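Q: Provide a 3D model corresponding to the input given below.
(one chain, ligands or ions: 2)
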Amino acid sequence: MYLNYFGLNDNPFSIAPNPDYLYMSPRHKEALAHLTFGLRESGGFVMLTGEVGTGKTTVSRKLLQQLPDNTQVAMILNPTLSAIELLATVCDELGISYDPDKASLKYFTDQILSRLARNHQSGMNTVLLIDEAQHLMPEVLEQLRLLTNLETNREKLLKVVLIGQPELQQLLKRNELRQLAQRITARYHLLPLTAPEVSAYMAHRLDVAQGDISIFSPAAVRTVHRITAGIPRVINLLCDRALTLSFTKQHAVVKKSVLLAAGEQILGEDVIAQRLRGQQTVWMTVVLIVSLVLGFLAGRWYV
Ligand SMILES: Nc1ncnc2c1ncn2[C@@H]1O[C@H](COP(=O)(O)OP(=O)(O)OP(=O)(O)O)[C@@H](O)[C@H]1O
Ligand SMILES: [Mg+2]
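A: Ligands and ions are numbered 1, 2, ... in the order given. Alright, predicted model coming up:
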């Protein structure tokens, strides 16, 4: 509703995964490079982890776009499945027809392995991408490992990309999954955006929507980083709400005070107070240390 008011032709902070708005920060680029490199390696698994909303799914979509044409991809977006359901889903994704009456782990595994062999013979690579992989059950992960057993002298015939929240790292530390953990050839943990990256991220999204970062005051931009801790999804929610509030108040520029009000609406007053207090404590500690050092140096000089 605020688009005309701010001269925008689209909602710059929608949380829809629109590739036009993709901003490849140095971290996002590095994550993509790790995954791409890992898939070229001979091993079976690559892994991308990161806190909620940091952009893992966004990076995985970019990865899929970049895969060579001779790649068949199976994608699992909701992995709260039993081992047999997972194998059936892989069959569906790879276009393998099967007889539901024969459904068993062995039957599905055989079907998938013969497809992997056939793909390999015809020069196709096969990639299985699993998002939200922190929800996979250990026995399902073990089943996946067995699928990657098929290999030539040079490489595995199935490459698996695991994407998930930090709990995925914990899951793979379990003793019964150590064989799988050893087969991960590339792993990357996506961290939130730094303050300059938050500013560049906002500028990029506003630019795509025919807007400009000057819609937000410099103090407001700095506050976005403090409140959101650099998490892209939270940045989008916050900026969208701040634009709505500014429009309601008929402020042509989003001020810090409006941004704080938007933050309280989205994250709650206590969270905002805590995040601002956290920053103040850091500054007070810095001031205290600098004062002590200066006091010490001055004392030595006078002695
Ligand atoms: N690099 C980016 N460029 C543009 N927008 C981004 C980027 N990263 C994240 N976003 C925005 O943040 C939203 C959340 O990103 P995404 O869904 O990729 O996070 P996630 O890490 O997969 O989250 P979850 O842990 O909930 O699965 C996206 O819909 C998108 O709007
Ligand atoms: Mg995701």
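
Q: Show me what stretch 87-99 is in contact with.
A: Stretch 87-99 is contacted by residues 72-76, 81, 103, 105, 107-109, 111-112, 115, 126, 128, 143, 147 when judged by C-beta atoms under 8 Å, 6 or more residues apart in numbering. For glycine as for every other residue, the C-beta is placed from the backbone atoms N, C-alpha and C.

Q: now the end-to-end length of that stretch.
A: When the termini of stretch 87-99 are compared using C-alpha to C-alpha, to the nearest Å, they are 13 Å apart.

Q: pLDDT weak spots in the stretch 1-150 of the chain?
A: Across the stretch 1-150 of the chain, nothing is flagged by pLDDT under 70.

Q: need the residues of it near ligand 2, please.
A: Applying C-beta under 5 Å from the ion, we find that the stretch 1-150 of the chain lies next to ligand 2 at Lys56, Thr57.

Q: Now intersect the contacts of stretch 87-99 with the helices, please.
A: Leu105, Tyr107, Phe108, Thr109, Gln111, Ile112, Arg115, Gln143, Leu147 (DSSP state H).

Q: what's the distance between the closest residue to the second one other than its chain neighbours and Thr89?
A: Setting aside the residues directly before and after it, Tyr107 is nearest to Tyr98 in space (C-beta to C-beta, 6 or more residues apart in numbering), at 7.2 Å. With distances taken as C-beta to C-beta, to the nearest Å, Tyr98 is found 11 Å from Thr89.

Q: I'd assumed Glu264 was in contact with Leu238.
A: No: in this structure, Leu238 is not within contact of Glu264 by C-beta atoms under 8 Å, at 10.4 Å.

Q: Tell me how many other residues crowd the residue nearest to Tyr107.
A: The number of residues packed near Tyr98 is 16, by other C-beta atoms under 10 Å.

Q: which residue does the chain bring closest to ligand 1?
A: Gly55 (2.7 Å; C-beta to the nearest ligand atom).

Q: Which neighbouring residues are in contact with that residue, exactly?
A: Contacts of Gly55 by C-beta under 8 Å, 6+ apart are His28, Leu190, Pro232.

Q: swap in Leu206?
A: So Leu206 contacts Leu8, Pro12, Asp212, Ile213, Ile215 (C-beta under 8 Å, 6+ apart).

Q: now the residue lying closest to it once chain neighbours are set aside: how far from Ile266?
A: Leaving aside its sequence neighbours, Leu206 sits nearest to Pro12 (C-beta to C-beta, 6+ apart; 5.0 Å). Distance of Pro12 to Ile266, given as C-beta to C-beta: 17 Å.

Q: Tell me which helix or strand the residue of the stretch 1-150 of the chain at minimum distance from ligand 2 sits in.
A: Taking C-beta to the ion, ligand 2 has its nearest neighbour within the stretch 1-150 of the chain at Thr57, 3.3 Å off. Using DSSP states H and E, Thr57 sits in helix 56-66.

Q: That helix: which residues count as buried?
A: Residues of helix 56-66 classed as buried by neighbour count (16 or more other C-beta atoms under 10 Å): Lys56, Thr57, Thr58, Val59, Ser60, Arg61, Lys62, Leu63.

Q: now for whichever helix in the chain runs longest, which elements pack on it?
A: The longest helix of the chain (DSSP H) is helix 269-302. The contact analysis (3 or more C-beta pairs under 8 Å, 6 or more residues apart in numbering; DSSP states H and E) places helix 269-302 against helix 218-228, helix 256-267.

Q: Make CSV out of those helices and add mean pLDDT and distance to Met1.
A: Below are these laid out as CSV (pLDDT from 0 to 100; distance: least, C-beta to C-beta, whole Å):
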stretch, mean pLDDT, distance to Met1
helix 218-228, 96, 20
helix 256-267, 96, 15
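
Q: circling back to that earlier point, and Pro12 and Ile266? Which one has more around it.
A: Neighbours per residue (other C-beta under 10 Å) separate Pro12 from Ile266, with Pro12 holding more: 23 against 17.

Q: show me what contacts that one?
A: Neighbouring residues of Pro12 by C-beta under 8 Å, 6+ apart: Tyr21, Arg205, Leu206, Val208, Ala209, Gly211, Cys239.

Q: Find the nearest non-adjacent residue to the last one, please.
A: Which is Cys239. The shortest distance from Cys239 to any non-neighbouring residue, by C-beta to C-beta, 6+ apart, is to Phe13 (4.4 Å).

Q: That neighbour reaches Val234, doesn't it?
A: No: applying C-beta under 8 Å as the test, Phe13 and Val234 come out as separate, 10.6 Å apart.
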